[in-house]
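*Asks:* Quick one, fold the following:
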Amino acid sequence: MKIAVVGSMNMDMIVHADRIPLKGETIKGNGLEYQPGGKGANQAAAMAKLGADVSMFGCVGDDSAGSRLVENLRGCGVAVDAVETLKGVPTGQAIITAGGGDNTIVIIEGANGYVNVDYVSRNRERILEADIVVLQNEIPEEAIAYTIRMCSDAGKTILWNPAPARPLDRELVDKVSYITPNEHEVCLIWEREHDQIDSLMEKYPGKLLVTQGEKGVSVYIPDKGLQTIPAMKVEVKDTTGAGDTLNGAFCAGLARGMDELEALRFANAAAGLSVQKYGAQAGMPTLEQVEAALAGM
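*Replies:* Presented below is the predicted three-dimensional model:
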């Protein structure tokens, strides 16, 4: 099965510290590095590293960061023929503070703002060659809506990772196959309290997959009820890209013919491996590593 990712490509500037500073506080950092990122590119890289046939649809600027992002995806095994390089536009960037097993992220849109309806329309036929189409919320809202309707009409499997969180059109939610917020995002999107998440998953059986950090990932399966797959017990070094790894690995699992629960177990193991290394794409595991981890569980 082929997968198309329509989404963002960012260069991540990662500041490492013992912990995340409080509001208004200055603390000492332990290091600074630049790593390829962006939710779309991260998820595409995770899929490719796990052996999936995946194409990236996005935009970068005509700068060194853009060139590095494209080359890194190509090196991971992602098809990048549809990625456009825009003159006079900076590549998207993320400013990340990582410390104490957590992170904060600020996104600067840059070229990602040009992954618009016109771009999707121009790449319509190539996107619809895929069996699974994956979206996030780091490209223009109208492009996401256009892509979901286009792919739904074509009968494609659609995964929507609604991050960063914002209110969602319920018509679009109904059209996607899977929607994958974390526990904080699901409360913001549906304006619910944390103790109401279980009932919300029951309302969207097999569709709403909620990631919960160290608690794992949950989904309501008809005839089986609420299913929670606990996270791996590991030493966490950097959670940057863990959610993207899970989303990418879930799609890779589906593409390999797994059912939803099998694919979630596969994805949960991949995410557990990813947090043991620094960097989003750099920390993503290979298929052999995930299979070995599952065999040892």
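*Asks:* So for stretch 199-207, first residue to last residue, what's the gap.
*Replies:* 13 Å (CA to CA, to the nearest Å).
*Asks:* any idea how far it is from the chain center?
*Replies:* On the basis of CA atoms, centre = their mean, to the nearest Å, stretch 199-207 sits 20 Å off its chain's mean C-alpha point.
*Asks:* Quick check: buried residues in that stretch?
*Replies:* Residues of stretch 199-207 classed as buried by neighbour count (16 or more other CB atoms under 10 Å): 200, 201, 204, 206, 207. C-betas here are computed from N, CA, C, even on glycine.
*Asks:* Wait, residue 106 touches residue 164, no?
*Replies:* No: with contacts defined as CB atoms under 8 Å, residue 106 does not count as touching residue 164, sitting 10.4 Å away.
*Asks:* Stretch 161-171: which residues count as buried?
*Replies:* Of the residues in stretch 161-171, those buried by neighbour count under the rule 16+ other CB under 10 Å are 161, 162, 163, 165, 168.
*Asks:* quick one, what contacts the second one?
*Replies:* Under the criterion of CB atoms under 8 Å, 6 or more residues apart in numbering, the neighbours of residue 162 are 136, 137, 168, 179, 180, 181, 185, 189.
*Asks:* Next, format those residues as JSON lines and append distance to residue 111.
*Replies:* Shown next, in JSON lines, are the contacts of residue 162 (distance: CB to CB, whole Å):
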{"residue": "136", "distance to residue 111": "15"}
{"residue": "137", "distance to residue 111": "16"}
{"residue": "168", "distance to residue 111": "24"}
{"residue": "179", "distance to residue 111": "26"}
{"residue": "180", "distance to residue 111": "25"}
{"residue": "181", "distance to residue 111": "25"}
{"residue": "185", "distance to residue 111": "24"}
{"residue": "189", "distance to residue 111": "26"}
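*Asks:* Put together JSON lines for the buried residues of stretch 161-171, with pLDDT on each row.
*Replies:* Formatted as JSON lines, those follow (pLDDT from 0 to 100):
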{"residue": "161", "pLDDT": "98"}
{"residue": "162", "pLDDT": "96"}
{"residue": "163", "pLDDT": "92"}
{"residue": "165", "pLDDT": "91"}
{"residue": "168", "pLDDT": "92"}
